[in-house]
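> here is a sequence with its predicted model. Questions after.
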Amino acid sequence: MQYLVVIRVVSGLLGITFALWSFVQFRKRLIKRYEFFLLAILGTGLFTTAVYPDSINIVAGMMAMDNRQYGRLISLLILSNMLLWLLVISQRTKDSIKSIQFDLLVRRIAMERFFEKDAAKTIKEITVIIPALNEAENLDHLLPRMPESIMGHPLGVLVIDDGSVDDTVDVVKKHGCSVVSNPINRGGGAALRLGYDIAMASGVKFIVTMDADGQHIPGEIERLVAPILDGAIDIVIGSRVLGRREKDSVFRWIGIHVFNVIVNILAGTRITDCSNGFRAFRMDSLKKVLLLQDQFHTAELIIDAAGKGMRIGEAPVTVLRRRSGESKKGKNLSYGLNFSKTILKAWLRK
């Protein structure tokens, strides 16, 4: 039984070390008060159990497991797992806060550089925001086809270069459009948040988002904007289901319908294309929506906006196959898993 003695000694030392370490971290203000209490309880409990093993009978009795086989061991495992899960949740919360702070910092730096260069020349009352990662060839085809106005309102274009290593920035400048660069690749959702910041600071009233890969047709922008200008809708989602699409992945097409059902159940909507990035909305409405996801942002927008009582509608649009290059959204399986995670996160925030 000598190994049990060794285990108890080691456990006791670990308990003391854990408790003292948590106290030092708390004194240095590296952890918060509740984290100190959790860590101190964990360390003290480990030390107490090592010195006086029968103390676990108290916990086992509270769980009505004191008379069961291995009841003390099971009770100890349950208690320790509960404490560890609390610590994990606490750490994940801290990581999320740091991630949001980092996002705000990067966006602020990029926006300040943008306005320092006086690059807001093509930002208008209605502005199309296009996130782009290595899309020089597609943008060279897309940007010349942008209409100058929609229903008498001037139309502006803002491209968000999301860390491209090709000629994306040069192509945008060649066509006389505004461009802002993220210092690193952060994802389409993060790029759009930077675009929204610039649009808000520039007094834009209506936003249109579209992909840079040539899948969306600029001539159909009016279909999205018209219901908003008429005052009937706050957010309009383009729908390839109501419109048309060029045949692409069968699995992706099936996935769209499956996710439509899930999003509609969770959000109480009747959307037919919950993954379409071709959208339009009022800037006043956008200010009320909480957007945190770096990818698959349309589902997040729908769920959060619906939860806040905004009027969401659809308009038939055409979705073409990618004109050139490779998709940045990943393969079918990874796309589906990440889209599911985004839906779950957005719904849990409600």
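That came in fine, so what should we check first? If you're wondering where the values come from, they're calculated on a predicted model, not measured in any experiment.
> V241: what secondary structure?
Here V241 takes the strand state, with states given by DSSP: H, G, I helix; E, B strand; the rest coil.
> not including adjacent chain positions, what is the nearest residue to it?
In space, V241 comes closest to T272 once its chain neighbours are excluded; the distance is 4.0 Å by CB to CB, 6 or more residues apart in numbering. Every residue, glycine included, has its C-beta placed from N, CA and C.
> contact partners for the one you found?
Taking CB atoms under 8 Å, 6 or more residues apart in numbering, we find T272 in contact with 239, 241-242, 260, 314.
> neighbour-wise, give me the winner out of the residues you listed.
Counting neighbours by other CB atoms under 10 Å, E314 comes out on top of these with 24 neighbours.
> ok, then the element right after the helix or strand hosting that residue?
When secondary structure is defined by DSSP states H and E, E314 falls within strand 312-319. Reading on from strand 312-319 to the C-terminus, the next helix or strand found by DSSP H and E is helix 332-348.
> which strands and helices lie in contact with that following helix?
Using 3 or more CB pairs under 8 Å, 6 or more residues apart in numbering; DSSP states H and E as the contact criterion, the secondary-structure elements in contact with helix 332-348 are helix 250-267, helix 297-307.
> out of these, which gets nearest to T127?
Proximity to T127, assessed across the helices and strands packed on helix 332-348 by CB to CB, is greatest for helix 297-307 (17.0 Å).
> now the closest one: buried residues?
Taking 16 or more other CB atoms under 10 Å as the basis for neighbour counts, the residues of helix 297-307 that come out buried are 297-307.
> would JSON lines of those residues with pLDDT be doable?
Formatted as JSON lines, the buried residues of helix 297-307 follow (pLDDT from 0 to 100):
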{"residue": "H297", "pLDDT": "82"}
{"residue": "T298", "pLDDT": "86"}
{"residue": "A299", "pLDDT": "88"}
{"residue": "E300", "pLDDT": "90"}
{"residue": "L301", "pLDDT": "91"}
{"residue": "I302", "pLDDT": "92"}
{"residue": "I303", "pLDDT": "92"}
{"residue": "D304", "pLDDT": "91"}
{"residue": "A305", "pLDDT": "92"}
{"residue": "A306", "pLDDT": "92"}
{"residue": "G307", "pLDDT": "89"}
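> which one of those residues is nearest V88?
For the buried residues of helix 297-307, the residue nearest V88 by CB to CB is E300; the value is 24.0 Å.
> for the closest one, give me its contacts.
189, 291-293, 342-343, 345-346.
> recalculate using a threshold of 10 Å.
With contact set as CB atoms under 10 Å, 6 or more residues apart in numbering, E300 has these partners: 189, 263, 289-293, 342-343, 345-347, 349.
> can you report how many residues neighbour P227?
Using other CB under 10 Å, the number of residues around P227 comes to 18.
> alpha carbons of the host helix or strand of it, as CSV, please.
Here P227 is covered by helix 221-229, with elements defined by DSSP H and E. C-alpha atoms of helix 221-229 as CSV (Å, rounded to 0.1, in the frame of the first residue of the first chain):
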residue,chain,number,x,y,z
ILE,A,221,-28.9,45.3,-56.4
GLU,A,222,-32.1,47.3,-56.9
ARG,A,223,-34.2,44.2,-56.1
LEU,A,224,-32.7,44.2,-52.6
VAL,A,225,-32.7,47.9,-52.0
ALA,A,226,-36.2,48.8,-53.3
PRO,A,227,-38.2,47.3,-50.4
ILE,A,228,-35.9,49.1,-47.9
LEU,A,229,-36.2,52.5,-49.7
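> how distant is stretch 283-290 from the center of its chain?
With CA atoms, centre = their mean, to the nearest Å as the basis, stretch 283-290 stands 16 Å off its chain's centre.
> and that stretch, what's buried?
283, 285-286, 289.
> picking that back up, out of the helices and strands packed on helix 332-348, which is closest to P53?
Closest approach to P53 among the helices and strands packed on helix 332-348 is made by helix 250-267 (48.2 Å; CB to CB).
> that concludes my questions; thank you for your assistance.
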